[in-house]
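Participant: Below are the sequence and a predicted model; questions follow.
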Amino acid sequence: MGMLGGGKNSFIGAVHRIAANLDGQIELVCGCFSSSYENSLETGRDLFLPDNRIYKDYKGMIEKEATLPAGERMDFLAIVTPNHVHFAPSILALENGFHVVLDKPMTFTLEEAHLLHKKVAETGLLFALTHTYTGYPMVKEARLRVRRGDLGKIRRIYVEYPQGWLADDIAESNKQASWRVDPKRSGKAGCMGDIGTHAFNLAEYITGLQAEEMAAELNTFVEGRLLDDDGTVMIRYKGGAKGLLAATQIAVGEENDLSIRIYGENGGLEWRQEEPNTMILKWKDRPKEIIRTSLGYMSPIAGHNTRVPGGHPEGYIEAFANIYRNFALAIQCLLNGEKPKEEYMDFPSVEDGVKGMQFVETVVTSSDNNAQWTKIIQ
């Protein structure tokens, strides 16, 4: 693995490295960790990289790595930069034969998302988007049970993601906040691009339903902030199901309480990210069921993504690591001339990235038009 971004004092870069390293399948061999070469050099040395594999810019890194022998150069590039530095490095990496892992949202604009989708298809290379929450074993179990029809035809989805860390204006003192509230670096949406896309992706991943139309109200509560820090979206899905999505970063006291409730003709399902080992099933004619990770009734796909015995907390890092492990196993199959197993290809794709950018474009357009119902912008 090579890495772009994730220098000293970066939050998500360290998370990516820990997750990638968890299963011993991935080695960090090079990086351009910062726009500051001094920062990049210091970060790389802290990670025990030789100076000649610590690069000043991503172009130099990609072009140099492409000239190295197959057993020495990076096999894929992990891009952990702000949104406006997603597209160009991804395109260049793909053009030079490298697979890509990319943070969400996928690109700065919907137009870039379509171009990146086209490039992935042209190259035939692997691409993963780090919608981390799809990596939880219980989310995969929920997906299996919903899609095999346990709940019957889906009628209603409630998905929400409340945070409180941006309840005040901290852009000047917090690097992670500064780019997220800056339209020149974040894009058209703030909260909805940052965490609303996670909620949207989670609902589609579990149910398999496709959004058809949305009515959105985006709000900016912190005075002077240029992007939304709160919002609510009503969603009409193909097939008749209705959804309600809420995302906020000004809910004082909340951490990362992503949750989803799904109701079908025969039953309901509930899962919360802050209690990830537990799923609750609800029925018309019998008591609620509490489903727990790592027990014998779990499906093989959930078992493949479970690491620890039941009753031991399995959380965010492990979910993140499942994306990296499956991606690494898929690459290994390709290197060996084999077709990857279905469970190895279970990571968010470039298609999910396009949908995420369509979500952003649609909710912003709807909100700008007084929450008017708006068909998904293609």
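Facilitator: Everything's here; your move.

Participant: Over to stretch 206-214 now: how far is its first residue from its last?
Facilitator: Stretch 206-214 has an end-to-end distance of 19 Å (criterion: Cα to Cα, to the nearest Å).

Participant: which parts of that stretch are buried?
Facilitator: Along stretch 206-214, the positions that meet the burial threshold by neighbour count (16 or more other Cβ atoms under 10 Å) are 206-207, 209, 211, 214. C-beta coordinates here come from the backbone N, C-alpha and C atoms, glycine included.

Participant: for stretch 62-71, same thing?
Facilitator: Within stretch 62-71, the residues that count as buried by 16+ other Cβ under 10 Å are 62, 65.

Participant: next one: stretch 113-122
Facilitator: Burial within stretch 113-122, assessed by neighbour count using 16+ other Cβ under 10 Å, is assigned to 113, 116-117, 119-120.

Participant: Go through the residues you listed and name the one nearest Ala241.
Facilitator: Within the set of the buried residues of stretch 113-122, Ala113 lies nearest Ala241; the separation is 24.7 Å, counting by Cβ to Cβ.

Participant: show me what contacts that closest one?
Facilitator: Contacts here follow Cβ atoms under 8 Å, 6 or more residues apart in numbering; on that basis Ala113 touches 106-107, 353-354, 356-358.

Participant: again with Leu166
Facilitator: Residues touching Leu166, when contacts are defined by Cβ under 8 Å, 6+ apart, comprise 177, 180-181, 191, 222, 229, 249-250.

Participant: ok, now with 6 Å
Facilitator: 229, 249 (Cβ atoms under 6 Å, 6 or more residues apart in numbering).

Participant: Name the residue most distant from the centre of the protein?
Facilitator: Computed with Cα atoms, centre = their mean, the residue of the chain farthest from its C-alpha average is Asp285, at 36.6 Å.

Participant: Can you tell me how far that residue is from Lys153?
Facilitator: 18 Å (Cβ to Cβ, to the nearest Å).

Participant: How about Pro287?
Facilitator: 23 Å.

Participant: between those two, which one's more packed in?
Facilitator: Shown here are Pro287 and Lys153; by other Cβ atoms under 10 Å, Lys153 has more neighbours (11 against 8).

Participant: Apart from its neighbours in sequence, what residue is nearest that one?
Facilitator: Closest residue to Lys153 in three dimensions, ignoring its sequence neighbours and counting by Cβ to Cβ, 6 or more residues apart in numbering: Glu265, at 5.0 Å.

Participant: Counting neighbours, what do you get for the one you found?
Facilitator: When counting by other Cβ under 10 Å, one arrives at 11 neighbours for Glu265.

Participant: Quick check, pLDDT for it.
Facilitator: Reported pLDDT at Glu265 in the predicted model: 98.

Participant: if you go through the stretch 51-200 of the chain in chain order, where are the helices?
Facilitator: In chain order, the stretch 51-200 of the chain shows helices spanning 58-67, 87-95, 110-123, 137-147, 175-180, 183-186, 191, 197-207, with DSSP state H, counting those that start in this stretch as the criterion.

Participant: Export those as CSV, with columns for distance to Leu129 and mean pLDDT.
Facilitator: Listed next are the helices of the stretch 51-200 of the chain as CSV, based on distance: least, Cβ to Cβ, whole Å; pLDDT from 0 to 100:
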stretch, distance to Leu129, mean pLDDT
helix 58-67, 18, 98
helix 87-95, 10, 98
helix 110-123, 10, 98
helix 137-147, 15, 97
helix 175-180, 18, 94
helix 183-186, 17, 97
helix 191, 19, 98
helix 197-207, 9, 98
